[in-house]
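# Need coordinates for the below:
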Amino acid sequence: MSEIEQRLQQLTNAVLAGKADEVRQNTYAALARGASSNDVLDAMTEAVNIIVDLHDVGEYDSDRLTPAENAIISCLQVLEDRLVASQGRFNTKATVGPLGLKAGGLLSLAMCAALRSVGFEATNLSKTQTPLDLLRNSEELRAELVIPLLAREDVNAQLDGLLMEIERGGFKTKFEIIPVASGREERREYPLHIAENPSEAISKATEWALKKATAHRTIGSP
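Sure thing, here's the model as predicted:
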């Protein structure tokens, strides 16, 4: 294992343990040895995914979530200048928010940072309670892309509820919506581009933004 890999693994472990100072130290150390912002975000997100999975089955206590969130924030503070520099690439506002997902606030925070890293001006709506709240808040922020994070439990019912609010409020014409919905019933057809996991959502969002940018350039050509 290289020194960079070692530092990134220590970063993941420190996030899991909720040790903000160790996270900050390992973030600085990994960057100093040549790690990229995405390398650091991947290591941080690995810890977040573990926390979400463990919390979902009752093996990560709720009182550990705040220290873990503080640890994530300490990592993002180190990366902030880099994220600011990269987030204007697509000139596109995005929002991310959890819908019924346990520990979803941590995942929303991590995904927001990942979106900023690839070029979106992303806002974390981790306090969202309902699909309608997320959609309305995104509209108020003039978002062009919305990524709802759904819980695995009753995921198909959650998708139905989200679709109902989208159709009732006419939100499909206002922004692109890419839900993260793990474990959904594959045989069902949905009028949305649905991602199975956060990484797939980032890929779909990037592909959509590139197509949008190409379309704008084509329209603007003489």
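
# Point out where this structure drops to low pLDDT.
186-187, 216-222 (pLDDT under 70).

# Can you give me the domain boundaries for it?
1-86, 87-222 (automatic domain parsing).

# Take the ones you listed and write them to CSV, including mean neighbour count.
No exception for glycine: its C-beta is placed from N, CA and C like everyone else's. Output for these, formatted as CSV (neighbours: other CB atoms under 10 Å):
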stretch, mean neighbour count
domain 1-86, 18
domain 87-222, 18
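
# Where does the residue most central in space within the chain fall, secondary structure wise?
For the chain, residue 111 is the residue whose C-alpha lies nearest the centre (CA atoms, centre = their mean; 1.8 Å). Per DSSP states H and E, residue 111 falls inside helix 104-118.

# What strands flank the following helix or strand past that helix, and is each parallel or antiparallel?
Sequence-wise, the next helix or strand downstream of helix 104-118 (DSSP H and E) is strand 121-124. For strand 121-124, the paired strands and their directions (DSSP bridges) are strand 93-99 (parallel).

# Provide the contact partners of the strand it pairs with at residue level.
The contact list for strand 93-99 (CB atoms under 8 Å, 6 or more residues apart in numbering) reads 104-105, 107-108, 111-112, 115, 120-128, 130-131, 133-134, 137-138, 141-151, 158, 162, 205.

# what about stretch 86-100, start to end distance?
30 Å (CA to CA, to the nearest Å).

# what's the answer for stretch 143-153, then?
End-to-end distance (CA to CA), stretch 143-153: 27 Å.

# Please apply the same query to stretch 89-108.
From start residue to end residue, stretch 89-108 stretches across 21 Å - CA to CA.

# re the thing from before, counting by contacts, list what the helix holding residue 111 packs against.
helix 37-56, helix 65-86, strand 93-99, strand 121-124, strand 145-150, helix 198-220 (3 or more CB pairs under 8 Å, 6 or more residues apart in numbering; DSSP states H and E).

# Take these and write them to a markdown table, including distance to residue 15.
Below are these laid out as a markdown table (distance: least, CB to CB, whole Å):
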| stretch | distance to residue 15 |
| --- | --- |
| helix 37-56 | 4 |
| helix 65-86 | 5 |
| strand 93-99 | 18 |
| strand 121-124 | 17 |
| strand 145-150 | 18 |
| helix 198-220 | 15 |
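
# Out of those, flag the one nearest residue 24.
Ranking those by proximity to residue 24 (CB to CB) places helix 65-86 first, at 4.5 Å.

# Residues contacting the closest one, please?
By CB under 8 Å, 6+ apart, helix 65-86 touches 11, 14-24, 27-28, 31, 37, 40-41, 44, 47-48, 51, 55, 103, 105-106, 109-110, 113, 116-119.

# make it 6 Å
15, 18, 20, 23-24, 27, 37, 44, 51, 103, 106, 109, 113, 116-117 (CB atoms under 6 Å, 6 or more residues apart in numbering).

# Could you do stretch 41-61 as well?
8, 11-12, 15-16, 68, 75, 102-103, 106-107, 110, 113-114, 117.

# quick one: it to chain centroid distance?
14 Å (CA atoms, centre = their mean, to the nearest Å).

# Same question for stretch 40-60.
With CA atoms, centre = their mean, you get 13 Å for stretch 40-60.

# Render the CA-only coordinates of that stretch in PDB, please.
The C-alpha trace of stretch 40-60 is given here as PDB (Å, rounded to 0.1, in the frame of the first residue of the first chain):
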ATOM      1  CA  VAL A  40     -10.100  12.400  -0.800                       C
ATOM      2  CA  LEU A  41     -13.900  12.600  -1.500                       C
ATOM      3  CA  ASP A  42     -13.900   8.900  -2.500                       C
ATOM      4  CA  ALA A  43     -12.300   8.000   0.800                       C
ATOM      5  CA  MET A  44     -14.700  10.100   2.700                       C
ATOM      6  CA  THR A  45     -17.700   8.800   0.800                       C
ATOM      7  CA  GLU A  46     -16.600   5.200   1.400                       C
ATOM      8  CA  ALA A  47     -16.900   5.900   5.100                       C
ATOM      9  CA  VAL A  48     -20.300   7.600   4.700                       C
ATOM     10  CA  ASN A  49     -21.700   4.600   2.700                       C
ATOM     11  CA  ILE A  50     -20.500   2.300   5.500                       C
ATOM     12  CA  ILE A  51     -22.200   4.500   8.100                       C
ATOM     13  CA  VAL A  52     -25.500   4.600   6.200                       C
ATOM     14  CA  ASP A  53     -25.500   0.800   5.800                       C
ATOM     15  CA  LEU A  54     -24.600   0.200   9.400                       C
ATOM     16  CA  HIS A  55     -27.100   2.700  10.700                       C
ATOM     17  CA  ASP A  56     -29.800   1.200   8.600                       C
ATOM     18  CA  VAL A  57     -29.400  -2.200  10.400                       C
ATOM     19  CA  GLY A  58     -29.000  -0.700  13.800                       C
ATOM     20  CA  GLU A  59     -25.200  -1.200  14.100                       C
ATOM     21  CA  TYR A  60     -24.200   2.500  14.100                       C
END
